[in-house]
Each structure stands twice: as C-alpha cells, then as structure tokens.
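Undergrad: Here you go, sequence then predicted model.
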Amino acid sequence: MSEHEQLQSFHLFPQLPLDIRLEIWTWTLPRARFINSRYQPLQARAEFPSFPALSINTESRSLALSYFTLTEIGVFVDFAHDYFHLPLKSGGEDRWETHPQTSNAVFKFRDFEHAKKRFQGTFEYYAGMLSGLKEVVVQLHVVGLNMASMTPEKNEKMMGEFRAWAEQSVKENGKNGAAVKVGDCGLCEGCRRMRKKWHDGAASMMEQAYFSFGYTFGSTGRR
C-alpha cells in the first residue's frame, strides 16, 4: 500500500468509541449556509448537493438527519443553523422556510428608505411563524445612494440608526431574544464599488459588518 493510500484510509475508525465517531461525523457536515428561498429545485440541488454523511453508513446518516431535514425543493437544510433569505411580503401562504426551528432569517433591501418602508410589515408577517428565531439579518444595498457623498462614517451612522430602529421593531413583535445585525450584502456590484472606493480601512469595516452575520462559516455551530 502506498503512502498516499495509507493517508486516505483509517481502518480502525469503527473501533473508536461512539462519542468520538459521532464527533468526527459532525465535522463532516456542511457549515452554515446562506439559502435563497427563491431557488427552484434544480438550482437548489446544484447549489446545495447532497453531502457524504448522508450516504456513508447508517451511523453517519442518522447523525446527519438529526440536524438536516429534506425540504420541498429537494435539498437538506439545517433549520437551526442555516441562514434563510426570506422574500419581502406581508401576506399569503406559509413557506417551507418558516419552520418552527428556523433560527436565522435574512431580509434584503435595495437601500435604507426601502428597508424603512418594508421591514416592519415584513417582519410582522413572519414573526408569528418563526418561533425559534435567534438572529435577524438585514442586508442593505447601496443602490440609489449618492456614492460621491457617502463616506465610511456616514454609512456606519446610517447602519447604526437602522439597527436601533429594527431592534425596536423586533422587540415589539415579541422576539426580544433575537439579535439584529445590519450590513451591506458584500456581493453586489454597488457594495463592491463602495469597498473599492473606501480602500483598505473602509473595506475592513464593511467586511467586518458582513462577516459578523455568520457567513464566515468557519464553524458549524453544532459543537
């Protein structure tokens, strides 16, 4: 057997104590993911394919299914740890993402004014469904802002003011224990231009705001 083959195999794994095997299986599970509720089944399965623990053996699958649930769009999600981008709405039928165990809800707005108009009504609609809500993430794009006059200080001030307003709205809807995090989306062209314009110092600030949402995915949060 070559050295490479030896590194790829660990034949004594079944002899390890059960708690250690389960800990190892847990490390193989996907990190927290940002899941767009608008995905169609084919797109969702391409973006979030099945992961090894679901099919290695009965033990690994059982462990995986203790965290993950198969949804109507054909992908397994972890309602307690994944982040779900919910559509802006104030009525209509319940959605599969509004599971009692859904912990992290993400709402995306094109700018501050749009968020001010839509956040409260949208959150009121979802609040009663998300009984396990722990974190509310608000993504604000820079579309529509006057980029020439915007500065890191102004942006940070606006983010802070909106966060305080959103926190009050969340509390009024009975979700006192839910943390509210506000920042740019970190992905669109406008947000990227803003980071580039502000150079290293501002990019650092914006990245800190974005990654504080939990999108670093360095940990599953399950241990």
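TA: Sure, I can see it. Numbering: from 1, shown residues only.
Undergrad: Tell me which stretches of the protein form helices.
TA: Per DSSP state H, the chain carries helices over the ranges 3-8, 18-27, 41-47, 58-65, 112-127, 152-172, 189-210.
Undergrad: Give me the distance from the third one to the chain's centre.
TA: When distances are taken as CA atoms, centre = their mean, to the nearest Å, helix 41-47 is centred 17 Å away from the chain's centroid.
Undergrad: residue ranges with poor pLDDT in this protein?
TA: 1-7, 90-94, 141-150, 152, 184-223 (pLDDT under 70).
Undergrad: so the spatially most central residue of the chain bridges to which residues?
TA: Nearest to the mean C-alpha position of the chain, by CA atoms, centre = their mean, lies Y83 at 2.5 Å. Taking DSSP bridges as the rule, Y83 bridges to F34, N104.
Undergrad: ok, it touching V137?
TA: Yes - contact status for Y83 versus V137: in contact at 6.5 Å, counting by CB atoms under 8 Å. For glycine as for every other residue, the C-beta is placed from the backbone atoms N, C-alpha and C.
Undergrad: I'd say K108 and H85 touch.
TA: Yes - using CB under 8 Å as the test, K108 is close enough to H85 to be in contact (6.3 Å).
Undergrad: what residues are up against the residue nearest to E167 when sequence neighbours are not counted?
TA: Take E167 and drop its neighbours on the chain: the residue closest to it by CB to CB, 6 or more residues apart in numbering is V180, 4.7 Å away. V180 sits next to 135-136, 138, 163, 166-167, 170 when contact means CB atoms under 8 Å, 6 or more residues apart in numbering.
Undergrad: Give me the distance between V180 and R61.
TA: Distance from V180 to R61, counting by CB to CB, to the nearest Å: 36 Å.
Undergrad: Give the buried residues for stretch 97-115.
TA: Of the residues in stretch 97-115, 97-99, 102-110, 112, 114-115 count as buried by neighbour count, 16 or more other CB atoms under 10 Å.
Undergrad: ditto for stretch 43-56
TA: Neighbour-count burial for stretch 43-56, counted by 16+ other CB under 10 Å, picks out 44, 48, 53.
Undergrad: Same question for stretch 120-131.
TA: Buried, per 16+ other CB under 10 Å, within stretch 120-131: 120, 122-123, 125-127, 129-130.
Undergrad: now it: how far from the chain's centre is it?
TA: 17 Å.
Undergrad: cool, and stretch 33-53?
TA: Relative to the centre of its chain, stretch 33-53 is centred 13 Å away, using CA atoms, centre = their mean.
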